[in-house]
Every structure is written in structure tokens, then in C-alpha cells.
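Enquirer: Dropping a prediction and its sequence here:
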Amino acid sequence: MASLLLNGPQNVNFIGGITPSGLGFVGSNLHVSCFSSKNIVPCHNRDQNSRILAPRCSLSSARPASQPRFIQHKKEAFWFYRFLSIVYDHIINPGHWTEDMRDEALEPADLYDRRMTVVDVGGGTGFTTLGIVKHVDAKNVTILDQSPHQLAKAKQKKPLKECKIIEGDAEDLPFPTDYADRYVSAGSIEYWPDPQRGIKEAYRVLKIGGKACIIGPVYPTFWLSRFFADVWMLFPKEEEYIEWFKKAGFKDVKLKRIGPKWYRGVRRHGLIMGCSVTGVKPLSGDSPLQLGPKAEEIEKPVNPLVFLMRFILGAMAATYFILVPIYMWLKDQIVPKGMPI
Ligand SMILES: C[S@@+](CC[C@H](N)C(=O)[O-])C[C@H]1O[C@@H](n2cnc3c(N)ncnc32)[C@H](O)[C@@H]1O
């Protein structure tokens, strides 16, 4: 029954003519092709020069990027991390965000010079920053997060001792325009009430020629996963990331798919860390995109009953997305290697 529930159709549609680069999953060895809405687009793995699996992963009816999802709200995200930060590195990351995935996702950020100025936005406990300081001197890296509890964990990590660590909001960054060579943000966009505003900020703080790299979730196609994704937090579609980057003014926008090895390329349940999107800032100065004032009303009192409903649904969704990687891991153990799962 559980298997029936969790096994959505494994279609391979890819819409909107967007062809993500670097479709290789860490450890994926499945071979099919992916399709655009009009034409079949064979997808090639750059390293192996082979066609690889590109299952349908973000095809669904349209829904707004910002809707009242639990924890896509700054206050709720703050309280969520007040408690989650205690176990974050040990319980959450192993199921969704492993070291090999992190290194794979940071590769398009092009961190080739130790002297680069890097900002890690929504840096949390510094898990991604540990990947950044392999390539860049820690003294040139700033970790920004809205959660002091998450940052307290980052402060305890020895390789991050020389990083600057500051509290702040991804949608209103405390850095001057044209400041950084690289903007990195991993696993944070799903909490931003206005992701387009956050990406516009990424553009502003970068120097001309600088690169933004946003690593984040992808939207599921399987109905039950979609239901839980929608009540919980933002799981953008791949084409939404591309659109936000382009609207903010970025050029050379690319999307690389990532995922845990043991998923064998399966994307129908969505992924909490499912892609790494990069774009280059072509001109100095602010983003050409004009946005009105922030719509989010953080201080507005929330009806306790509504909050309770949101909390219960959110907790169910979080539990679901903790169980999915375990279910996929078990399948990976049971189904012979080379077979689709
Ligand atoms: C899933 S954690 C990711 C942490 C880290 N980047 C990593 O790779 O492990 C998401 C982080 O985003 C932070 N966050 C959420 N909304 C934010 C916002 N508006 N501004 C800054 N940080 C935010 C949370 O506090 C949390 O630490």
C-alpha cells in the first residue's frame, strides 16, 4: 500500500523548453531521454557523454510562488529553526543534503580563487559554508542567517572560525551594491515569502561578472508528495527558478539537477535539495527589476486556530518528507542495482 501510494507515474516530460545542464545525479546510472513540451530533447551528461534519466519533476497545475504555506513565513521559519537547529546537522541533512551532493551543487558556483568574496545567505549551521571554505579563504566568507540559533552552531565549527557571521534577512541584505564575487544560498529559498525579491537582492550585492548560486527544492509530481509540499513550504518548479533569475537581470542562467545517490534519479516526490541554479551579473549596479514594497506582514497577529491548523499540517508534511528518503533508501537496498525504483 505504502509503495502504491508513493509510486507515482515515472513520466519523463520536461516543459517550457528549459534544458537544465549537468543533469547527472550523484550515482545515477539510468538512461532515458527528456522531453520539452514541443520537441524531444535528449539530455546529455557532460561527464559521461551519455543520455541520462530526466524524469518529470516539476510539471503541475500553476500555483502562486507565494501562498500561505507553513514556514514560508519569516516568523514561523524563525521558530521552526529555534528547535530544529539542535538536531539539524545530524537528523535533517543526512536524508536530504549530503556532503557529496553539496560538493556537486557548489561546482557550478565556480569557486576557483581563494581570494573571492563570498556571501552564504541562509547559511544556517554552516554546512554549505564548509564546502565553500574548501575553495575560498574563510576570512573572505560571510554567513548570513535570520536564525541566531542556527548561527550559534556555525560559530562552533573550527574551519569557519574566521568567517564573518551576521544575522540578517535574505530579502533585505545588509551588503553594499556590487560587493561580492559569489552569492551562495543553499536550502533557504523555500522559506522566503517573496523569492523573487531574494534573487533580486542576490543580483544587487554581486559585483559585475559575479555569480549567484541558489540551491533549493524542486516541486513533486506525485499527488501525495505534491499535497504535502504545498501545505509545508515553497518547492519551486525548475522553470520558476530560471524565470526568477532572468527577471532579476541574470545572464547565462543554468540549472543543474542534484539528488541523494540512493534515489537513483527519482524526482517524482520532489526533493528538498533538488537543483543548483546559477546566473551571472552582466552589469554593475542594482537589478533592473522593479518591485513594490514587501507584501509580508510579519507583525500582523495570527488567529491561533489558523496557526494551529497550519502547524498540524506543517508537522505532518515535515514527517512525510522525513519518511520519503527512508522509503527511497529501503527501495535502493532491495531493488537490484541498474533497475528503476
Ligand atoms: C535548511 S537551512 C539551510 C542551512 C545551510 N545553508 C545548509 O546548507 O545547511 C535554511 C536556513 O535558512 C534560514 N532562513 C530562512 N529564511 C531566511 C531569511 N528570510 N533570511 C535569512 N535566512 C533565512 C533559516 O534560518 C535556516 O538556517
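Expert: Done, it's in. Numbering: from 1, shown residues only.
Enquirer: In the chain, which residue sits closest to the ligand?
Expert: Scanning the chain for proximity to the ligand using CB to the nearest ligand atom identifies Gly124 as nearest, at 2.7 Å. In this view, the C-beta of every residue, glycine as well, is placed from N, C-alpha and C.
Enquirer: Does that residue touch Tyr81 like I think?
Expert: Yes. Under the contact definition of CB atoms under 8 Å, Gly124 touches Tyr81, with a separation of 7.5 Å.
Enquirer: Please, which helix or strand holds Met101?
Expert: helix 99-106 (DSSP states H and E).
Enquirer: Can I get the helix or strand just after that helix in CSV? Just the C-alpha atoms.
Expert: Past helix 99-106, heading to the C-terminal end, the next element that is a helix or strand (DSSP H and E) is strand 118-121. Taking Å, rounded to 0.1, in the frame of the first residue of the first chain, the C-alpha atoms of strand 118-121 are listed here in CSV:
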residue,chain,number,x,y,z
VAL,A,118,31.6,35.1,-0.9
VAL,A,119,28.3,35.5,0.9
ASP,A,120,26.4,32.5,2.1
VAL,A,121,22.8,33.6,2.6
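Enquirer: helices or strands next to strand 118-121 in the packing?
Expert: helix 127-132, strand 141-145, strand 180-186, helix 195-205 (3 or more CB pairs under 8 Å, 6 or more residues apart in numbering; DSSP states H and E).
Enquirer: Adding mean neighbour count, distance to Leu330 and mean pLDDT, write those out as CSV.
Expert: Formatted as CSV, those follow (neighbours: other CB atoms under 10 Å; distance: least, CB to CB, whole Å; pLDDT from 0 to 100):
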stretch, mean neighbour count, distance to Leu330, mean pLDDT
helix 127-132, 23, 25, 98
strand 141-145, 25, 33, 98
strand 180-186, 26, 27, 98
helix 195-205, 24, 33, 97
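Enquirer: got these as CSV, with distance to the ligand columns?
Expert: Listed next are those as CSV, based on distance: least, CB to the nearest ligand atom, whole Å:
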stretch, distance to the ligand
helix 127-132, 3
strand 141-145, 5
strand 180-186, 4
helix 195-205, 7
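Enquirer: looking at this, Lys207 is in a strand?
Expert: Yes. Secondary structure assignment (DSSP: H, G, I helix; E, B strand; the rest coil) places Lys207 inside a strand.
Enquirer: Please, where are all the strands along the chain?
Expert: Listed in chain order, the strands of the chain (DSSP state E) span residues 34-35, 40-41, 44-45, 50-51, 118-121, 141-145, 164-167, 180-186, 206-218, 251-257, 271-280.
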